[in-house]
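Chemist: Predicted structure and sequence below. I'll ask about it afterward.
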2 protein chains.
Amino acid sequence: MPERLANIGRKVFFASERSLGQAIPPSDDSVGYVVRDVHRAFSRSLQAKIAAHGVSMGQWFFLRALWDEDGLTQRELSQRVGMMEPTTVTALNSMERRGLVERVRNPHDRRKVNIYLTPKGRSLREVLLPCAAEVSDLATRGIEPADLALAIDLLHRMIINLGDSSDSL
Amino acid sequence: MPERLANIGRKVFFASERSLGQAIPPSDDSVGYVVRDVHRAFSRSLQAKIAAHGVSMGQWFFLRALWDEDGLTQRELSQRVGMMEPTTVTALNSMERRGLVERVRNPHDRRKVNIYLTPKGRSLREVLLPCAAEVSDLATRGIEPADLALAIDLLHRMIINLGDSSDSL
DNA sequence: GGTAAATAATTAGATATCAAACCAATTGAC
DNA sequence: GTCAATTGGTTTGATATCTAATTATTTACC
(Lines give C-alpha, C1' and ligand atoms only; values in the text may rest on other atoms or scores of the structure.)
Protein backbone atom coordinates (compact mmCIF):
# COMPACT_ATOMS: atom_id res chain seq x y z
CA MET A 1 0.00 0.00 0.00
CA PRO A 2 1.33 3.43 -0.90
CA GLU A 3 1.85 5.45 2.21
CA ARG A 4 2.20 8.86 0.70
CA LEU A 5 0.13 11.09 2.88
CA ALA A 6 -1.42 14.42 2.39
CA ASN A 7 0.84 16.89 4.02
CA ILE A 8 -0.71 20.26 4.18
CA GLY A 9 1.32 23.15 2.96
CA ARG A 10 2.94 21.29 0.09
CA LYS A 11 4.93 23.35 -2.30
CA VAL A 12 3.60 23.84 -5.80
CA PHE A 13 6.16 24.02 -8.55
CA PHE A 14 6.12 26.44 -11.44
CA ALA A 15 8.43 26.28 -14.39
CA SER A 16 9.88 29.64 -13.53
CA GLU A 17 11.09 28.31 -10.20
CA ARG A 18 12.84 25.33 -11.70
CA SER A 19 16.11 25.04 -13.44
CA LEU A 20 17.56 21.98 -15.07
CA GLY A 21 20.38 21.60 -12.63
CA GLN A 22 17.90 21.07 -9.82
CA ALA A 23 16.17 17.93 -8.75
CA ILE A 24 13.06 16.87 -10.56
CA PRO A 25 10.03 17.95 -8.54
CA PRO A 26 8.55 14.93 -6.80
CA SER A 27 5.53 13.52 -8.57
CA ASP A 28 3.35 14.04 -5.55
CA ASP A 29 3.65 17.77 -5.88
CA SER A 30 2.79 18.11 -9.54
CA VAL A 31 -0.85 18.72 -10.42
CA GLY A 32 -0.62 16.54 -13.47
CA TYR A 33 0.62 13.57 -11.52
CA VAL A 34 -1.90 13.91 -8.74
CA VAL A 35 -4.71 14.20 -11.23
CA ARG A 36 -3.50 11.09 -12.96
CA ASP A 37 -3.41 9.18 -9.68
CA VAL A 38 -6.86 10.32 -8.66
CA HIS A 39 -8.19 9.34 -12.04
CA ARG A 40 -6.73 5.88 -11.68
CA ALA A 41 -8.04 5.54 -8.14
CA PHE A 42 -11.56 6.45 -9.29
CA SER A 43 -11.29 4.19 -12.26
CA ARG A 44 -10.11 1.19 -10.28
CA SER A 45 -12.71 1.71 -7.62
CA LEU A 46 -15.67 1.97 -9.96
CA GLN A 47 -14.36 -0.81 -12.14
CA ALA A 48 -14.21 -3.19 -9.20
CA LYS A 49 -17.86 -2.54 -8.42
CA ILE A 50 -19.38 -2.67 -11.88
CA ALA A 51 -17.30 -5.64 -13.02
CA ALA A 52 -19.42 -7.69 -10.63
CA HIS A 53 -22.32 -6.97 -13.00
CA GLY A 54 -20.33 -7.80 -16.10
CA VAL A 55 -19.88 -4.19 -17.19
CA SER A 56 -16.49 -2.68 -18.04
CA MET A 57 -15.44 0.94 -17.73
CA GLY A 58 -15.52 1.36 -21.48
CA GLN A 59 -19.14 0.30 -21.49
CA TRP A 60 -20.04 2.33 -18.43
CA PHE A 61 -19.64 5.73 -20.09
CA PHE A 62 -21.85 4.78 -22.99
CA LEU A 63 -24.47 3.16 -20.82
CA ARG A 64 -24.64 6.31 -18.76
CA ALA A 65 -25.23 8.45 -21.83
CA LEU A 66 -27.83 6.03 -23.15
CA TRP A 67 -29.75 5.93 -19.87
CA ASP A 68 -30.13 9.64 -20.32
CA GLU A 69 -31.31 9.32 -23.91
CA ASP A 70 -31.13 6.46 -26.34
CA GLY A 71 -31.75 6.21 -30.07
CA LEU A 72 -28.73 8.44 -30.68
CA THR A 73 -26.42 7.88 -33.61
CA GLN A 74 -22.90 6.70 -32.94
CA ARG A 75 -21.49 10.11 -33.70
CA GLU A 76 -23.87 11.83 -31.28
CA LEU A 77 -22.99 9.26 -28.66
CA SER A 78 -19.29 9.85 -29.21
CA GLN A 79 -19.75 13.55 -28.69
CA ARG A 80 -21.80 13.17 -25.54
CA VAL A 81 -19.35 10.75 -24.01
CA GLY A 82 -16.31 12.66 -25.22
CA MET A 83 -14.66 9.77 -27.02
CA MET A 84 -13.47 9.40 -30.57
CA GLU A 85 -15.64 7.40 -32.91
CA PRO A 86 -13.49 4.29 -33.19
CA THR A 87 -13.64 4.00 -29.42
CA THR A 88 -17.41 4.16 -29.65
CA VAL A 89 -17.45 1.46 -32.29
CA THR A 90 -15.48 -1.00 -30.20
CA ALA A 91 -17.40 -0.21 -27.02
CA LEU A 92 -20.70 -0.72 -28.82
CA ASN A 93 -19.45 -3.95 -30.35
CA SER A 94 -18.87 -5.42 -26.92
CA MET A 95 -22.12 -4.02 -25.59
CA GLU A 96 -24.01 -5.49 -28.52
CA ARG A 97 -22.32 -8.84 -27.96
CA ARG A 98 -23.46 -8.80 -24.35
CA GLY A 99 -26.98 -7.85 -25.30
CA LEU A 100 -27.00 -4.40 -23.71
CA VAL A 101 -27.72 -2.39 -26.86
CA GLU A 102 -29.13 -2.85 -30.32
CA ARG A 103 -27.90 -1.21 -33.52
CA VAL A 104 -30.66 -0.08 -35.85
CA ARG A 105 -29.79 1.26 -39.29
CA ASN A 106 -31.63 4.52 -39.86
CA PRO A 107 -34.06 4.07 -42.77
CA HIS A 108 -34.09 7.75 -43.74
CA ASP A 109 -30.32 8.06 -43.85
CA ARG A 110 -28.66 4.74 -44.33
CA ARG A 111 -25.28 6.06 -43.23
CA LYS A 112 -26.55 6.45 -39.70
CA VAL A 113 -26.94 3.81 -37.05
CA ASN A 114 -29.18 4.50 -34.09
CA ILE A 115 -28.36 2.88 -30.80
CA TYR A 116 -31.10 1.59 -28.51
CA LEU A 117 -30.86 0.05 -25.08
CA THR A 118 -32.22 -3.44 -24.66
CA PRO A 119 -34.34 -4.08 -21.56
CA LYS A 120 -31.26 -5.70 -20.06
CA GLY A 121 -29.16 -2.61 -20.76
CA ARG A 122 -31.81 -0.33 -19.37
CA SER A 123 -32.32 -2.34 -16.21
CA LEU A 124 -28.66 -2.13 -15.30
CA ARG A 125 -29.22 1.51 -14.42
CA GLU A 126 -30.76 0.61 -11.09
CA VAL A 127 -27.78 -1.48 -10.09
CA LEU A 128 -24.97 0.58 -11.57
CA LEU A 129 -25.86 4.16 -10.66
CA PRO A 130 -25.63 3.39 -6.95
CA CYS A 131 -22.16 1.94 -7.56
CA ALA A 132 -21.01 5.25 -8.98
CA ALA A 133 -22.62 7.10 -6.13
CA GLU A 134 -20.79 4.93 -3.62
CA VAL A 135 -17.46 5.61 -5.25
CA SER A 136 -18.14 9.32 -5.35
CA ASP A 137 -19.19 9.41 -1.72
CA LEU A 138 -16.23 7.34 -0.64
CA ALA A 139 -13.83 9.62 -2.50
CA THR A 140 -15.23 12.81 -1.03
CA ARG A 141 -15.68 11.54 2.49
CA GLY A 142 -14.53 14.05 5.07
CA ILE A 143 -14.10 16.79 2.51
CA GLU A 144 -15.85 20.10 2.97
CA PRO A 145 -18.41 20.59 0.18
CA ALA A 146 -17.25 24.16 -0.31
CA ASP A 147 -13.67 22.99 -0.75
CA LEU A 148 -14.79 20.31 -3.14
CA ALA A 149 -16.74 22.81 -5.19
CA LEU A 150 -13.71 25.04 -5.37
CA ALA A 151 -11.53 22.18 -6.51
CA ILE A 152 -13.99 21.10 -9.18
CA ASP A 153 -14.21 24.63 -10.45
CA LEU A 154 -10.45 24.85 -10.57
CA LEU A 155 -10.21 21.58 -12.47
CA HIS A 156 -12.65 22.93 -15.02
CA ARG A 157 -10.43 25.92 -15.47
CA MET A 158 -7.46 23.68 -16.08
CA ILE A 159 -9.35 21.85 -18.79
CA ILE A 160 -10.11 25.16 -20.45
CA ASN A 161 -6.52 26.33 -20.03
CA LEU A 162 -5.23 23.20 -21.66
CA GLY A 163 -7.45 23.86 -24.61
CA ASP A 164 -9.75 20.93 -24.41
CA SER A 165 -13.23 21.96 -25.45
CA SER A 166 -15.04 18.79 -24.41
CA ASP A 167 -15.79 20.61 -21.19
CA SER A 168 -18.61 22.77 -22.47
CA LEU A 169 -20.75 20.02 -23.90
CA MET B 1 -21.45 15.40 7.30
CA PRO B 2 -22.77 18.55 5.63
CA GLU B 3 -25.13 17.90 2.83
CA ARG B 4 -25.47 21.17 0.94
CA LEU B 5 -22.85 23.53 -0.18
CA ALA B 6 -22.32 27.17 -0.77
CA ASN B 7 -23.06 27.85 -4.39
CA ILE B 8 -19.75 28.48 -6.02
CA GLY B 9 -21.08 27.99 -9.47
CA ARG B 10 -21.75 24.31 -9.59
CA LYS B 11 -23.76 21.85 -7.63
CA VAL B 12 -22.04 18.85 -6.17
CA PHE B 13 -24.02 15.65 -5.99
CA PHE B 14 -24.10 13.25 -3.10
CA ALA B 15 -25.66 9.84 -3.17
CA SER B 16 -28.10 10.73 -0.49
CA GLU B 17 -29.57 13.47 -2.67
CA ARG B 18 -30.15 11.22 -5.63
CA SER B 19 -32.86 8.78 -6.33
CA LEU B 20 -33.14 6.56 -9.32
CA GLY B 21 -36.15 8.27 -10.74
CA GLN B 22 -34.19 11.47 -11.14
CA ALA B 23 -32.01 12.53 -13.98
CA ILE B 24 -28.44 11.35 -14.06
CA PRO B 25 -26.20 14.09 -12.72
CA PRO B 26 -24.45 15.78 -15.62
CA SER B 27 -20.89 14.61 -16.08
CA ASP B 28 -19.54 18.10 -15.61
CA ASP B 29 -20.61 18.10 -11.99
CA SER B 30 -19.18 14.79 -10.94
CA VAL B 31 -15.69 14.82 -9.46
CA GLY B 32 -14.80 11.57 -11.10
CA TYR B 33 -15.68 12.82 -14.54
CA VAL B 34 -13.90 16.12 -14.17
CA VAL B 35 -10.80 14.39 -12.90
CA ARG B 36 -10.91 12.07 -15.88
CA ASP B 37 -11.21 14.99 -18.28
CA VAL B 38 -8.37 16.91 -16.66
CA HIS B 39 -6.22 13.83 -16.77
CA ARG B 40 -6.88 13.42 -20.46
CA ALA B 41 -6.26 17.10 -21.13
CA PHE B 42 -2.89 16.92 -19.36
CA SER B 43 -2.02 13.72 -21.10
CA ARG B 44 -2.88 14.98 -24.57
CA SER B 45 -1.05 18.22 -24.00
CA LEU B 46 2.18 16.68 -22.79
CA GLN B 47 1.99 13.93 -25.36
CA ALA B 48 1.82 16.45 -28.18
CA LYS B 49 4.99 18.13 -26.96
CA ILE B 50 7.15 15.11 -26.22
CA ALA B 51 6.08 13.18 -29.31
CA ALA B 52 8.08 15.74 -31.28
CA HIS B 53 11.15 14.22 -29.64
CA GLY B 54 10.10 10.65 -30.29
CA VAL B 55 9.06 9.92 -26.72
CA SER B 56 5.67 8.49 -25.77
CA MET B 57 3.77 8.99 -22.54
CA GLY B 58 4.49 5.44 -21.48
CA GLN B 59 8.21 6.15 -21.77
CA TRP B 60 7.99 9.57 -20.16
CA PHE B 61 7.16 8.29 -16.68
CA PHE B 62 10.05 5.89 -16.67
CA LEU B 63 12.50 8.40 -18.09
CA ARG B 64 11.52 10.82 -15.38
CA ALA B 65 12.22 8.27 -12.66
CA LEU B 66 15.51 7.29 -14.27
CA TRP B 67 16.71 10.88 -14.55
CA ASP B 68 16.31 11.01 -10.82
CA GLU B 69 18.23 7.77 -10.28
CA ASP B 70 19.19 5.02 -12.66
CA GLY B 71 20.56 1.56 -12.13
CA LEU B 72 17.30 0.54 -10.46
CA THR B 73 15.81 -2.90 -10.94
CA GLN B 74 12.60 -3.21 -12.87
CA ARG B 75 10.63 -3.84 -9.73
CA GLU B 76 12.02 -0.74 -8.03
CA LEU B 77 11.25 1.26 -11.13
CA SER B 78 7.70 -0.06 -11.21
CA GLN B 79 7.19 1.02 -7.63
CA ARG B 80 8.60 4.49 -8.14
CA VAL B 81 6.53 5.08 -11.23
CA GLY B 82 3.42 3.47 -9.77
CA MET B 83 2.87 0.98 -12.57
CA MET B 84 2.50 -2.76 -12.54
CA GLU B 85 5.48 -4.80 -13.68
CA PRO B 86 4.16 -5.95 -17.03
CA THR B 87 3.66 -2.30 -17.92
CA THR B 88 7.26 -1.65 -16.98
CA VAL B 89 8.45 -4.53 -19.11
CA THR B 90 6.73 -3.28 -22.24
CA ALA B 91 7.76 0.33 -21.65
CA LEU B 92 11.38 -0.72 -21.19
CA ASN B 93 11.24 -2.88 -24.28
CA SER B 94 10.32 0.11 -26.41
CA MET B 95 12.85 2.32 -24.65
CA GLU B 96 15.57 -0.25 -25.19
CA ARG B 97 14.61 -0.52 -28.85
CA ARG B 98 14.95 3.24 -29.21
CA GLY B 99 18.30 3.26 -27.45
CA LEU B 100 17.20 5.23 -24.39
CA VAL B 101 18.06 2.62 -21.77
CA GLU B 102 20.19 -0.46 -21.34
CA ARG B 103 19.30 -3.63 -19.42
CA VAL B 104 22.14 -5.09 -17.39
CA ARG B 105 21.70 -8.43 -15.67
CA ASN B 106 22.81 -8.12 -12.06
CA PRO B 107 25.83 -10.43 -11.49
CA HIS B 108 25.22 -10.86 -7.75
CA ASP B 109 21.59 -11.82 -8.18
CA ARG B 110 20.88 -13.10 -11.61
CA ARG B 111 17.13 -12.66 -11.22
CA LYS B 112 17.52 -8.91 -11.19
CA VAL B 113 17.96 -6.61 -14.15
CA ASN B 114 19.34 -3.13 -13.56
CA ILE B 115 18.26 -0.36 -15.88
CA TYR B 116 20.70 2.32 -16.98
CA LEU B 117 20.13 5.38 -19.12
CA THR B 118 22.14 5.66 -22.30
CA PRO B 119 23.69 9.06 -23.05
CA LYS B 120 20.81 9.59 -25.45
CA GLY B 121 18.25 8.81 -22.76
CA ARG B 122 19.99 11.05 -20.28
CA SER B 123 20.30 13.97 -22.66
CA LEU B 124 16.56 14.03 -23.32
CA ARG B 125 16.11 15.47 -19.86
CA GLU B 126 17.11 18.92 -20.98
CA VAL B 127 14.55 18.94 -23.75
CA LEU B 128 11.70 17.12 -22.07
CA LEU B 129 11.56 18.62 -18.58
CA PRO B 130 10.75 22.07 -19.99
CA CYS B 131 7.90 20.50 -21.95
CA ALA B 132 6.33 19.26 -18.74
CA ALA B 133 6.89 22.61 -17.11
CA GLU B 134 5.12 24.34 -19.98
CA VAL B 135 2.11 22.08 -19.68
CA SER B 136 1.95 22.58 -15.95
CA ASP B 137 2.20 26.34 -16.26
CA LEU B 138 -0.39 26.46 -19.00
CA ALA B 139 -2.80 24.38 -16.95
CA THR B 140 -2.46 26.50 -13.82
CA ARG B 141 -2.48 29.86 -15.54
CA GLY B 142 -4.61 32.39 -13.70
CA ILE B 143 -5.07 30.12 -10.71
CA GLU B 144 -4.15 31.32 -7.24
CA PRO B 145 -1.28 29.24 -5.83
CA ALA B 146 -3.11 28.92 -2.54
CA ASP B 147 -6.20 27.58 -4.28
CA LEU B 148 -4.10 25.21 -6.28
CA ALA B 149 -2.39 23.92 -3.17
CA LEU B 150 -5.76 23.34 -1.58
CA ALA B 151 -7.00 21.45 -4.60
CA ILE B 152 -3.90 19.28 -4.73
CA ASP B 153 -4.25 18.48 -1.08
CA LEU B 154 -7.86 17.57 -1.59
CA LEU B 155 -6.99 15.31 -4.48
CA HIS B 156 -4.47 13.54 -2.28
CA ARG B 157 -7.18 12.95 0.25
CA MET B 158 -9.39 11.41 -2.41
CA ILE B 159 -6.61 9.02 -3.37
CA ILE B 160 -6.34 7.98 0.26
CA ASN B 161 -10.12 7.70 0.62
CA LEU B 162 -10.36 5.48 -2.43
CA GLY B 163 -7.32 3.51 -1.39
CA ASP B 164 -8.63 1.89 1.76
CA SER B 165 -11.69 0.41 0.17
CA SER B 166 -12.33 -2.39 2.64
CA ASP B 167 -15.44 -1.14 4.39
CA SER B 168 -17.95 -0.04 1.77
CA LEU B 169 -18.93 -3.39 0.31
C1' DG C 1 -28.70 14.10 -63.71
C1' DG C 2 -23.67 13.42 -62.68
C1' DT C 3 -19.86 14.04 -60.19
C1' DA C 4 -17.38 16.33 -56.08
C1' DA C 5 -17.65 17.21 -51.35
C1' DA C 6 -19.35 16.08 -46.97
C1' DT C 7 -20.90 12.87 -43.53
C1' DA C 8 -21.31 8.31 -40.83
C1' DA C 9 -19.42 4.30 -39.63
C1' DT C 10 -15.76 1.09 -39.75
C1' DT C 11 -11.12 -1.11 -40.06
C1' DA C 12 -6.23 -1.11 -39.24
C1' DG C 13 -2.56 -0.28 -36.49
C1' DA C 14 -0.43 1.96 -32.35
C1' DT C 15 0.14 2.93 -27.36
C1' DA C 16 -1.01 2.19 -22.55
C1' DT C 17 -2.48 -0.49 -18.96
C1' DC C 18 -3.52 -4.38 -15.95
C1' DA C 19 -4.40 -9.34 -14.00
C1' DA C 20 -3.14 -14.02 -14.19
C1' DA C 21 -0.15 -17.48 -15.35
C1' DC C 22 4.48 -18.68 -15.95
C1' DC C 23 9.70 -19.41 -15.75
C1' DA C 24 14.09 -18.87 -13.45
C1' DA C 25 17.08 -17.77 -9.69
C1' DT C 26 17.64 -17.43 -4.77
C1' DT C 27 16.72 -18.20 0.06
C1' DG C 28 15.18 -20.75 4.07
C1' DA C 29 13.77 -24.74 6.79
C1' DC C 30 14.85 -28.88 7.97
C1' DG D 1 22.27 -30.75 0.92
C1' DT D 2 17.51 -30.86 -0.76
C1' DC D 3 13.07 -29.11 -1.66
C1' DA D 4 9.55 -25.64 -0.81
C1' DA D 5 8.67 -20.86 -0.66
C1' DT D 6 9.82 -16.43 -2.25
C1' DT D 7 11.32 -13.06 -5.46
C1' DG D 8 12.20 -10.88 -10.09
C1' DG D 9 10.99 -10.80 -14.62
C1' DT D 10 8.33 -12.15 -18.74
C1' DT D 11 4.41 -13.77 -21.55
C1' DT D 12 -0.37 -13.94 -22.52
C1' DG D 13 -4.61 -12.11 -23.09
C1' DA D 14 -7.93 -8.41 -22.09
C1' DT D 15 -9.61 -3.54 -22.00
C1' DA D 16 -9.26 1.24 -23.35
C1' DT D 17 -8.00 4.65 -26.29
C1' DC D 18 -6.28 7.23 -30.13
C1' DT D 19 -4.90 8.60 -35.37
C1' DA D 20 -5.15 7.60 -40.10
C1' DA D 21 -7.06 5.32 -43.82
C1' DT D 22 -11.31 3.07 -45.91
C1' DT D 23 -16.12 2.22 -47.24
C1' DA D 24 -20.76 3.54 -47.92
C1' DT D 25 -24.22 6.95 -48.34
C1' DT D 26 -26.06 11.45 -49.00
C1' DT D 27 -25.99 16.31 -50.37
C1' DA D 28 -24.69 20.14 -53.31
C1' DC D 29 -23.26 22.36 -57.35
C1' DC D 30 -22.81 22.88 -62.19
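Modeler: Yep, that arrived.

Chemist: For A:Leu128, the count of nearby residues, please.
Modeler: 20 (other Cβ atoms under 10 Å in any protein chain shown). In this view, the C-beta of every residue, glycine as well, is placed from N, C-alpha and C.

Chemist: Kindly report the same for A:Arg141.
Modeler: 14.

Chemist: what's the nearest residue to it if we skip its chain neighbours?
Modeler: Spatial nearest neighbour of A:Arg141, excluding adjacent residues (Cβ to Cβ, 6 or more residues apart in numbering or on different chains): B:Asn161 at 5.3 Å.

Chemist: Next up, the contacts around that neighbour.
Modeler: By Cβ atoms under 8 Å, 6 or more residues apart in numbering or on different chains, the residues touching B:Asn161 are A:138-142.

Chemist: let's go with 7 Å and repeat that
Modeler: B:Asn161 is in contact with A:138-139, A:141, counting by Cβ atoms under 7 Å, 6 or more residues apart in numbering or on different chains.

Chemist: How much space separates it from DNA strand C?
Modeler: Applying Cβ to the nearest atom of the strand, to the nearest Å, the value for B:Asn161 to DNA strand C is 18 Å.

Chemist: Okay, A:Met57 and DNA strand D: tell me how far apart.
Modeler: Taken as Cβ to the nearest atom of the strand, the span from A:Met57 to DNA strand D is 4 Å.

Chemist: Against A:His53, how distant is the nearest residue to that residue once chain neighbours are set aside?
Modeler: Excluding the flanking residues, the one nearest A:Met57 by Cβ to Cβ, 6+ apart is A:Gln47, at 5.2 Å. When distance is defined by Cβ to Cβ, to the nearest Å, A:Gln47 is 11 Å away from A:His53.

Chemist: So these two - more neighbours on which side?
Modeler: A:Gln47 (15 against 10).

Chemist: buried residues in the helix or strand hosting that one?
Modeler: Element membership of A:Gln47, judged by DSSP states H and E, is helix A:31-51. For helix A:31-51, the neighbour count (16 or more other Cβ atoms under 10 Å in any protein chain shown) marks A:31-43, A:45-46, A:49-50 as buried.
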